[in-house]
Each structure stands twice: as structure tokens, then as C-alpha cells.
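> dropping the sequence and predicted coords here.
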Amino acid sequence: MPFTGSCHCGAIRYTVDEDPPSKAVMCNCSICRRKAQLHHFTTPDRFTLETPRDAFETYRFNHHAIAHHHCRTCGCSPFAEGKTPQGEAMVEINLRCADEIDADALEISHFDGAKL
Ligand SMILES: [Zn+2]
């Protein structure tokens, strides 16, 4: 069953065509530790952005490998786009912005992004 999510004001809304995940990744890199995001990774064919792309701005740093999007209105970061280390397109879903997902019930694994 697909799950959905949005930024706080609703200018960014998405649907992910897969069951709501029970696991998430926390990363300690310089941006993720500031944003406290809970990551889930999916592929572009499963991701549908339901709102116009001009609702968000994009921040890139370091190798510019990942497009970190944030809402122009409310500042939330419900998703990002980039490539896997293998070079395949991926979409990062911030489960903090997903609907009906209990963040406290997620099984968390830790990724040492600070070492990259
Ligand atoms: Zn917003």
C-alpha cells in the first residue's frame, strides 16, 4: 500500500508506491545531524511528486551528489534526489515528513556519513 508525505505547509506532497517502511537510517554527516532526518531510500519510478517543483529550493554541497530540497514556504525537507554509490538514481524520503509513520516505532540503523 503506497504511503504519502508532505512538508509542513503542504506545498510539497509526494506518494511512494511501496508499503510504509518499518526501518530508517540516521546519518551523522554535517547536514543530516543538523536536520535530524530519518532516511528511507527508494527509486524514482516509485516516487511521485504531487506538487510543482517550483515549491522548493535546492541545496547542494561537497560533491554536489545529492540535491537537498527544502520548501520555499515552511523550510521542511521531505525528500532529496541523488545517486547511489553505484551511480543509480535514488530518492531519499525523510520519514519525519511521512504521513502516518510512527518515528518511535522505526528500527533505526546508523550510517557514518561523517566519515565520507
Ligand atoms: Zn512547505
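Perfect, thanks for sending it. Numbers count the residues shown, from 1 in each chain.
> quick one: buried residues of stretch 51-68?
55-56, 66, 68 (16 or more other C-beta atoms under 10 Å). Bear in mind the C-beta positions are built from the backbone N, C-alpha and C, glycine included.
> what is the nearest of these to the ion?
Ala55 (7.0 Å; C-beta to the ion).
> quick one, what contacts that closest one?
If a contact means C-beta atoms under 8 Å, 6 or more residues apart in numbering, then Ala55 has 7, 11-12, 71-73 as its contacts.
> among the residues you listed, which are in strands?
Cys71 (DSSP state E).
> of the contacts of Ala55, list those near the ion.
Contacts with the ion within the contacts of Ala55, as defined by C-beta under 5 Å from the ion: 7, 11, 71, 73.
> who wins for neighbours among these?
When neighbours are counted by other C-beta atoms under 10 Å, Cys7 leads the ones next to the ion among the contacts of Ala55 with 25 neighbours.
> helix, strand or coil for the residue most central in space within the chain?
Residue closest to the mean C-alpha point of the chain, counted by C-alpha atoms, centre = their mean, is Ile93 at 2.7 Å. Judged by DSSP: H, G, I helix; E, B strand; the rest coil, the three-state class of Ile93 is strand.
> any chance of the contacts of Ala55 in CSV, with pLDDT too?
Formatted as CSV, the contacts of Ala55 follow (pLDDT from 0 to 100):
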residue, pLDDT
Cys7, 98
Ala11, 98
Ile12, 98
Cys71, 98
Arg72, 98
Thr73, 98
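> check for me that Gly5 belongs to a helix.
No - counting by three-state DSSP, Gly5 falls outside a helix, being strand.
> Ser109 reaches Lys23, doesn't it?
Yes - using C-beta atoms under 8 Å, Ser109 is in contact with Lys23, at 6.8 Å.
> what's the helix or strand for Gln26?
Not quite, residue 26 is Met, not Gln. If you go by DSSP states H and E, Met26 is part of strand 23-27.
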